[in-house]
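>>> next comes the sequence, and after it the predicted model I'd like to discuss.
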Amino acid sequence: MSRRVRRRGVQSKDKEKVVISPVFPEAAEDCEILRPGGGGGGGDGAGVAAVDWTCLADDTVVQLFSCLNYRDRASLASTCRTWRLLGSSPCLWTALDLRAHRCGPDTAAALAGRCSHLRRLRFRGADAAAAVMNLQARGLQEIAGDYCRDITDATLSVIAARHEALESLQIGPDPCERITSDAIRHVAMCCTRLRRLRLSGIREVDGEAVGAFARHCPQLDEIAFLDCGSIDESALGKVVSLRFLSVAGSRNLKWATASLAWSKLPNLIGLDVSRTDVSPSAVSRLISLSKSLKVLCALNCVALEEEVNHNPAAFTNTKGKVLLGLFSDIFKGIASLFKGTVVKERGIFGEWRSWENKDKNLNDIMIWIEWILSQSLLRIAETNPHGIDEFWLRQGAALLLSLVKSSQADVQERAATGLATFVVIDDDNAAVDPARAEAVMRNGGIPLLLELAKSCREGIQSEAAKAIANLSVNTKVAKAVADEGGISILADLARSMNRLVAEEAAGGLWNLSVGEEHKAAIAEAGGVKALVDLIFKWYSGIDGVLERAAGALANLAADDKCSLEVAVAGGVQALVMLARWCKVEGVQEQAARALANLAAHGDSNSNNAAVGQEAGALEALVQLTCSQNEGVRQEAAGALWNLSFDDRNREAIAAAGGVEALVGLAQGCSNASQGLQERAAGALWGLSVSEANSIAIGREGGVAPLITLARSDAEDVHETAAGALWNLAFNSGNALRIVEEGGVPALVHLCASSGSKMARFMAALALAYMFDGRMDEVALVGSSLEGASKSVNFDGARRMALKHIEAFVLTFSEPQLFSMAAASSAPAALAQIAEAARIQEAGHLRCSRAEIGRFVAMLRNPSSILRACAAFALLQFTIPGGRHAVHHAGLLQKAGAARVLRAAAAAATAPIEAKIFARIVLRNLEHHQLEASI
């Protein structure tokens with residue numbers, strides 16, 4: 001597999017990683033923030049010529065601090081006493097975003113000294129929520145907790161009790177299923193200054209809890225109960241201070257009651273009922289009865305959309321109120337709020353942000369609209385409902401790009417996540433909708449996302465990188481990303497100390513590295529080193545970043561030059577480490593694939609040998625062939641196949657138990673994917689080059705599964721199986737096993753009907769080995785079959801084999817051309833025959849001295865069919881331009897084959913094909929001899 005796309009979604013309990021990955025709800029566990037005051041690095045500025053950093057004005061230093069994330073602030077503050085004091089300036093610590101860091105009680109307590117002026121806090125995970133009170137930030141006004149699925153009543157109640165000045169509380173988007181109405185009521189009683197409450201996934205919000213807000217929080221003007229199970233609609237109608245209300249995604253609402261109660265709210269100007277089962281009558285009632293309502297958002301409300309489909313005139317009279325739905329022009333609706341002002345509808349968000357003198361009510365409405373749209377568009381993107389394509393192409397993509405420019409950090413991040421999510425249409429196959437991806441590109445999304453990726457805010461860096469990664473699955477978008485300098489930006493982000501940022505950047509490099517045209521650019525940007533460093537940095541337990549880094553390296557390793565860079569950067573050691581110690585199947589699969597690709601360049605570099613020599617590499621790959629995951633088994637077998645081309649590796653694999661493991665793999669993969677079948681047969685083919693391994697494979701029961709794979713309809717599978725059986729048939733004992741196991745009909749079928757010339761060629765050679773006479777002695781000694789039936793079967797099999805070997809050789813014979821060549825021996829005629837008979841892939845085959853000697857001996861065989869087959873084989877092995885042609889010519893010369901070839905070429909009783917092919921082999925030998933003498 002060469003790509004991954006990521007969606008923010010619910011984490012699967014059944015699989016460690018599939019194609020679509022979650023955003024790691026408990027990511028706060030993954031990396032620890034550096035504690036202030038903890039290091040003592042020197043800051044003498046010796047590395048920067050002619051600059052005295054200690055002379056910078058304090059304001060300048062504080063400005064530098066403000067551009068850094070909290071980890072880098074802590075590092076910079078540790079350089080000297082003065083900068084430590086400046087780094088503690090209250091203006092730098094009014095807001096704190098701990099989402100990317102592990103924030104337990106100890107870390108929170110260490111930060112407490114700087115948090116006396118803290119006003120805004122963001123964190124991730126229930127454990128971080130429990131540690132909030134250790135910050136001693138009693139003046140906190142805004143708290144936002146992400147992915148706090150396991151937050152409890154006790155934790156929420158303590159947060160409320162310790163932060164009575166709280167004005168905004170937001171917990172989501174993961175469902176807070178352990179939170180009850182008791183804790184919500186406690187928040188109302190403790191946080192009487194509360195102005196905004198946003199909670200997700202509460203099972204039940206009862207009337208008593210809602211009523212507490214009406215009694216204790218007179219300034220509460222916004223409530224969002226998202227994706228909740230049950231809400232007391234009547235009680236919400238008594239919170240008269242409400243200006244904005246969202247119940248998006250909530251269920252079990254009584255819409256008749258809700259529409260009557262909420263239409264009486266005197267200050268309500270914005271209502272969001274998106275993703276609910278709200279009825280058309282309820283919407284009409286709200287529009288008709290509410291005197292204050294200005295905006296009603298109803299995205300992805302099935303009943304409303306069905307009503308509009310049946311009656312296009314429905315909701316055309318909204319009495320001056322703006323109704324936002326999938327069926328409406330959302331840009332036009334929002335622009336209508338600005339009556340008397342000349343605006344471009346599609347540019348409404350940008351124009352509003354640029355205005356200096358803003359109407360406060362309209363400004364509040366626009367801020368709320370941005371927030372609810374970012375929430376609902378992301379949820380719609382995650383569920384990808386049927387029939388949504390037109391919406392995304394017509395306005396959805398443009399809306400997300402407009403929201404990405406928001407000044408609200410959480411809106412920006414959700415919009416970027418939405419862009420990453422809505423393009424994905426098939427999670428399992430990493431499929432991205434080309435029209436959606438190109439819509440983002442056409443609307444200027446690529447430069448915008450790349451600019452966001454350079455932000456100093458790590459949250460937006462991460463989400464922008466994720467969007468770039470998913471969009472880059474589309475080749476046109478990938479080119480645009482590369483053309484806009486995206487590769488360098490992603491390579492820089494891959495060096496981030498923030499694990500989430502580095503992970504998403506690695507995913508972007510993974511997808512871009514699929515394109516051959518981008519591999520060199522990734523290497524030039526330092527991407528290879530950055531990816532290898534990621535593995536060493538987070539080798540333990542951080543499976544997302546490891547899978548993406550290994551996947552990108554696997555793609556890069558397929559390129560000859562990049563494979564060298566991977567090795568130089570320490571990639572062999574890193575990938576072997578993952579194969580040996582990581583227990584996550586997705587990581588194992590990509591590490592094995594990367595090692596397979598590194599080992600595939602045996603003729604051009606030393607990576608094949610280097611992988612084999614790395615401690616524990618071969619043992620780990622052998623072990624991975626026994627994995628429960630088919631993808632892991634497939635890639636491990638592929639790596640062993642490539643590694644087996646090296647003589648030392650071949651023997652070391654066998655010593656590590658590779659023969660037994662691979663035979664077992666072949667025996668168990670009859671119903672597996674074609675990729676696994678091909679690699680299992682290929683690895684046995686590679687090992688069987690050694691006669692000792694060949695004998696061991698036969699002894700372990702490898703013949704029968706290879707015969708089964710040879711019957712496969714897939715050319716790649718039966719071709720590799722034919723190659724393995726050809727090698728095995730060199731040994732007389734194995735040849736007999738092939739006959740006994742019913743292999744002759746399978747090989748005959750391949751020889752006669754395979755669409756692969758190589759499969760037909762190797763099947764013919766296997767049959768020739770089996771019936772050139774060397775098996776006869778073994779057959780006479782005895783076998784598992786009864787003597788009489790064995791003799792009958794053997795004779796019948798021999799006749800069948802020779803018949804099809806002859807038919808195969810004759811497919812390369814053109815009588816008229818052969819007759820002309822026989823009459824004149826003209827070089828031109830021989831060259832024409834050689835070119836017509838050439839099987840390109842056969843030039844990659846490498847034969848041993850014993851194998852070449854056997855073909856030479858076969859030239860003297862009483863069977864004219866086998867003589868012709870031997871001459872044809874030697875033609876393929878010596879034809880100029882073949883990878884190992886010179887090697888084979890040398891072996892033939894040392895064996896004195898020229899004399900035998902001349903005799904075969906001149907034999908009166910030999911078929912014309914044997915004569916002509918023998919002459920061509922002699923001509924090839926002369927060519928190689930001449931080349932060697934120059």
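Cool, got the structure. Residues are numbered from 1 along each chain as shown.

>>> can you give me every residue that contacts Ala915?
Residue 915: Lys, not Ala. Residues near Lys915 by CB atoms under 8 Å, 6 or more residues apart in numbering: Ala822, Ala904, Ala905, Ala906, Ala907. In this view, the C-beta of every residue, glycine as well, is placed from N, C-alpha and C.

>>> again, but for Ser863
Phe771, Asp772, Leu802.

>>> make it 7 Å
Neighbouring residues of Ser863 by CB atoms under 7 Å, 6 or more residues apart in numbering: Leu802.

>>> quick one, phi psi at it?
When read as degrees, to the nearest 10, the backbone of Ser863 gives phi -80, psi 120.

>>> do the one 3 residues further on as well
Backbone torsions of Leu866, given as degrees, to the nearest 10, read phi -70, psi -30.

>>> which stretches of the stretch 1-150 of the chain form helices?
58-66, 70-77, 81-87, 105-111, 126-131 (DSSP state H, counting those that start in this stretch).

>>> just to be sure, Cys669 is in a helix?
No. Counting by DSSP: H, G, I helix; E, B strand; the rest coil, Cys669 is not part of a helix but coil.

>>> buried residues in stretch 432-445, which are they?
If you call a residue buried by 16 or more other CB atoms under 10 Å, then stretch 432-445 has these buried ones: Val432, Asp433, Arg436, Ala437, Glu438, Ala439, Val440, Met441, Gly445.

>>> list of residues touching that stretch?
Contacts of stretch 432-445 (CB under 7 Å, 6+ apart): 5, 392-393, 397-398, 401, 419, 422-425, 470-471, 473-474, 476-477, 480.

>>> mark which of those are buried, thanks.
5, 392, 397-398, 401, 419, 422-424, 470-471, 473-474, 477, 480.

>>> quick one: which of these sit in helices?
Ala397, Ala398, Leu401, Leu419, Phe422, Asn470, Leu471, Val477, Ala480 (DSSP state H).

>>> the fifth one - nearest residue in space that isn't next to it in sequence?
Leaving aside its chain neighbours, Phe422 sits nearest to Ala381 (3.7 Å; criterion: CB to CB, 6 or more residues apart in numbering).

>>> which neighbouring elements make contact with the one helix or strand that neighbour maps to?
Of the helices and strands defined by DSSP states H and E, Ala381 is found in helix 360-383. Packing partners of helix 360-383 (3 or more CB pairs under 7 Å, 6 or more residues apart in numbering; DSSP states H and E): strand 270-272, strand 295-297, helix 397-404, helix 409-422.

>>> distance from the chain centre to the third one, please.
Here helix 397-404 is found 25 Å from its chain centre; the criterion is CA atoms, centre = their mean, to the nearest Å.

>>> what's the answer for the longest one, then?
Once both centres are worked out by CA atoms, centre = their mean, helix 409-422 turns out to sit 20 Å from its chain's centre.

>>> list of residues touching that helix?
By CB under 7 Å, 6+ apart, helix 409-422 touches 6-8, 144, 370-371, 374-375, 377-378, 381-382, 392, 396, 400, 403-404, 406, 436, 440, 445, 449, 452, 457, 459-460, 463-464, 466-467, 470.

>>> which among those end up buried?
6-8, 144, 370-371, 374-375, 377-378, 381-382, 392, 396, 400, 403-404, 406, 436, 440, 445, 449, 452, 459-460, 463-464, 466-467, 470.

>>> can you tell me the closest non-neighbouring residue to Val640?
Actually, residue 640 is Leu. It isn't Val. Closest to Leu640 by CB to CB, 6+ apart is Ala683, at 4.5 Å.

>>> that neighbour: neighbouring residues, count only.
Neighbourhood size, Ala683 [other CB atoms under 10 Å]: 32.

>>> for it, list the residues it contacts.
Contacts of Ala683 by CB under 7 Å, 6+ apart are Ala637, Leu640, Trp641, Ser644, Leu662.

>>> now swap in Leu156 and tell me
So Leu156 contacts Ile179, Ala183, Val187 (CB under 7 Å, 6+ apart).

>>> what comes up buried for whichever strand or helix holds Leu531?
Remark: Leu531 resides in helix 527-537, with elements defined by DSSP H and E. Residues of helix 527-537 classed as buried by neighbour count (16+ other CB under 10 Å): Gly527, Val528, Lys529, Ala530, Leu531, Val532, Asp533, Leu534, Ile535, Lys537.

>>> and if you look at stretch 595-612?
Those would be 595-601, 607-612, for stretch 595-612 by 16+ other CB under 10 Å.

>>> taking those one by one, which sit in helices?
Using DSSP H, the buried residues of stretch 595-612 in helices are Leu595, Ala596, Asn597, Leu598, Asn607, Asn608, Ala609, Ala610, Val611, Gly612.

>>> TSV for the residues you listed, including distance to Cys869?
Below are these laid out as TSV (distance: CB to CB, whole Å):
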residue	distance to Cys869
Leu595	38
Ala596	34
Asn597	36
Leu598	37
Asn607	37
Asn608	32
Ala609	35
Ala610	39
Val611	37
Gly612	35
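
>>> and these, which is closest to Cys669?
Closest to Cys669 out of these is Ala596 (17.0 Å), distances taken as CB to CB.

>>> distance check, that closest one against Ile231.
Separation of Ala596 from Ile231 (CB to CB, to the nearest Å) stands at 55 Å.

>>> touching the helix or strand Ser259 falls within from outside, list them.
Secondary structure from DSSP H and E places Ser259 in helix 255-262. The contact list for helix 255-262, computed with CB under 7 Å, 6+ apart, reads Glu233, Ser234, Leu236, Gly237, Leu245, Leu268, Leu271, Val278, Ser279, Ala282, Arg285, Leu286.

>>> just checking, what packs against the one helix or strand the last one maps to?
Using DSSP H and E, the element containing Leu286 is helix 280-289. Counting contacts by 3+ CB pairs under 7 Å, 6+ apart, helix 280-289 packs against helix 255-262, strand 295-297, helix 302-310.
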